[in-house]
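In: okay, predicted coordinates and the sequence, questions at the end:
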Amino acid sequence: MQKRIAILGSTGSIGRQVLDVVDQFPDRLAVVALVARSDMDQLLAQARRYQPRFVALSEPPAGAPRRWDGGPIRLGADVLAEAATLPEADLVVIAVVGTAGLPPALAALNAGKDVALATKEALVVGGHLLTAAAARTGARLLPIDSEHSAIFQCLQGSRREEIEKITLTASGGPFVDAPAEALARVTPADALCHPTWRMGPKITVDSATLMNKGLEVIEARWLFGVLSSQIEIVIHRQSIVHSFVQFQDGSVLAQLSPPDMRLPIQYALFYPERVRNWLPRLDLVKAEVLTFEAPDTERFPTLKLAYRAATAGGSLPTVLSAANEEAVHLFLQGHIRFTDIAVRVARAMDRHTVIAVPDFEEILQVDAWARRTARGED
């Protein structure tokens, strides 16, 4: 029997790799919905290949057609939630950029749909809403991030209360050895040259600032029900060990594999089953050396900001995420320096009065305010 999946963000890096996995298991996986942001040409190519019932653009370009060979093309922001709640979808993959992933993830979980989540910002800004929805409906929230998939795998057969510490590994990004004075001269092209992973531009810049790892601390807090003080970060340049879990008896479990996002994607698509695949196998002899070191929070202050937001909770993680998203955009457009990203995020956080338990509308309002503040408009 085929599992029917809806892919939100199908033309992005994760979405394309989801389809790579689908290609390997045509008898097990079927695509029922494809939603892209604005890449009409690639979306149409995907639609013709996979023949989904639902095809849509959430931010259509001017003149976007309303039909393709196989039927209508839905247009507009509402298509994300519509695709996420399709009756025939068994699993919804959320791989859209940033806070935009929260509404469809919440809609899918409220509809009782299992969600494979690649958009960490959804949990960062609305973790209390998503986990409550999953608990209420019994839907499963499955991580696609390699680090959180690793933790999820290490926890199989264990109880959450047995966790003593979680260790998230970070490649360190392209500037792990760069002196502090050189970071102000970093260009967007420099920041987009990640040494290990091939990802979209926003997450690649987040990896360069280490904000990506800070966001993952908050994501892990919600996924695994631990305190931020139980989560640490280590630099692991080889990207072989994807994360560790230390238990209360002192045992440590880790998940290792070559750096390939298709493995955690496949695990989420087939969970709880492990399916034989075509992916490269790990050869520890060839890997030779695995190293671990503490991150430098002075050169990479986004980590301190993320832990501050994680500890405060409430609406402060929304400010962190939204201001960062906007600052990264400004950097990629050449309007601010690389080091200004953390400065703008810190300024927004300093100006914000925390709402202890924000509802959905308050999250959207705080998100919009933080973006204006990061742009210098408020």
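Out: Cool, got the structure.

In: when you work out contacts or count neighbours from here on, use the C-alpha atoms and nothing else.
Out: OK.

In: just the strands from this structure, written as ranges.
Out: Taking DSSP state E to define them, one finds strands in the chain at 3-8, 29-36, 54-57, 67-68, 71-72, 74-75, 91-94, 114-117, 141-143, 163-170, 231-235, 241-247, 252-256.

In: can you tell me the strand partners of the second one and which way each runs?
Out: According to DSSP bridges, the neighbouring strands of strand 29-36, each with its direction, are strand 3-8 (parallel), strand 54-57 (parallel).

In: dihedrals phi and psi, the residue of the chain positioned farthest from its centre?
Out: Note on the chain: the largest C-alpha distance from the chain mean falls to residue 69, namely 32.3 Å (C-alpha atoms, centre = their mean). When read as degrees, to the nearest 10, the backbone of residue 69 gives phi -50, psi -30.

In: any idea how many residues pack against the nearest residue to it once chain neighbours are set aside?
Out: Once its chain neighbours are removed from consideration, residue 69 has its nearest residue in residue 48; the separation is 7.7 Å (C-alpha to C-alpha, 6 or more residues apart in numbering). The burial metric for residue 48, expressed as a neighbour count using other C-alpha atoms under 10 Å, is 12.

In: go on, residue 180?
Out: Burial of residue 180, expressed as a neighbour count using other C-alpha under 10 Å, amounts to 12.

In: roughly how far does the residue found closest to it once you drop the neighbours it is linked to in the chain sit from residue 311?
Out: Counting by C-alpha to C-alpha, 6+ apart, the nearest residue to residue 180 once its immediate chain neighbours are dropped is residue 299, at 5.6 Å. Applying C-alpha to C-alpha, to the nearest Å, one obtains 21 Å for the distance of residue 299 from residue 311.

In: more crowded one of those two?
Out: In this view residue 299 and residue 311 are compared by other C-alpha under 10 Å, and residue 299 has more residues nearby, 19 against 15.

In: and the residue farthest from the centre of the chain, how far from residue 88?
Out: As judged by C-alpha to C-alpha, residue 69 and residue 88 stand 21 Å apart.

In: also residue 64?
Out: Distance of residue 64 to residue 88, given as C-alpha to C-alpha: 26 Å.

In: so what are the domain limits for the protein?
Out: According to the domain assignment given by automatic domain parsing, the chain is divided into the following structural domains: 3-143, 149-259+288-312.

In: so which of the ones you listed is nearest residue 377?
Out: domain 3-143 (19.7 Å; C-alpha to C-alpha).

In: how far away from the center of its chain is stretch 317-336?
Out: With C-alpha atoms, centre = their mean, to the nearest Å as the basis, the distance from the averaged C-alpha position of stretch 317-336 to the chain average is 16 Å.

In: name the residues that touch that stretch?
Out: Outside stretch 317-336, the residues within contact range by C-alpha atoms under 8 Å, 6 or more residues apart in numbering are 98-99, 121, 124-126, 188, 202, 205-206, 215, 218, 305-306, 309-310, 337-338, 340-342, 344-346, 348-349, 352, 363, 366-368, 370-371, 373-375.

In: any idea how far residue 308 is from residue 13?
Out: 30 Å.

In: then residue 261?
Out: 10 Å.

In: what is in contact with those two at once?
Out: Shared contacts of residue 261 and residue 13, counting by C-alpha under 8 Å, 6+ apart, come down to nothing at all.

In: all helices of the stretch 251-378 of the chain, in order?
Out: Applying DSSP state H, counting those that start in this stretch to the stretch 251-378 of the chain gives helices spanning 262-270, 284-287, 302-312, 316-332, 340-351, 360-375.

In: deepest in the core, which of these is it.
Out: Among the helices of the stretch 251-378 of the chain, judged by mean count of other C-alpha atoms under 10 Å, the one packed with the most neighbours on average is helix 316-332 (a mean of 26).

In: distance from that one to the middle of the chain?
Out: Offset of helix 316-332 from its chain centre (C-alpha atoms, centre = their mean): 14 Å.

In: likewise stretch 362-378?
Out: For stretch 362-378, the separation from the chain centroid amounts to 21 Å (computed by C-alpha atoms, centre = their mean).

In: how about low-confidence regions in the chain?
Out: Judged by pLDDT under 70, the chain has its weakly predicted residues at 194-199.

In: before we move on, the earlier item: quick one: closest of the domains of the chain to residue 271.
Out: Among the domains of the chain, domain 3-143 comes nearest to residue 271, with 8.4 Å by C-alpha to C-alpha.

In: thought residue 169 was touching residue 231?
Out: No. Using C-alpha atoms under 8 Å, residue 169 makes no contact with residue 231, being 10.7 Å away.

In: and those two? Which one has more around it.
Out: When neighbours are counted by other C-alpha under 10 Å, residue 169 and residue 231 differ, and residue 169 comes out ahead with 24 against 19.

In: so who does the more buried one touch?
Out: If you count contacts by C-alpha under 8 Å, 6+ apart, residue 169 has them with 147, 233-236, 239, 241-244.
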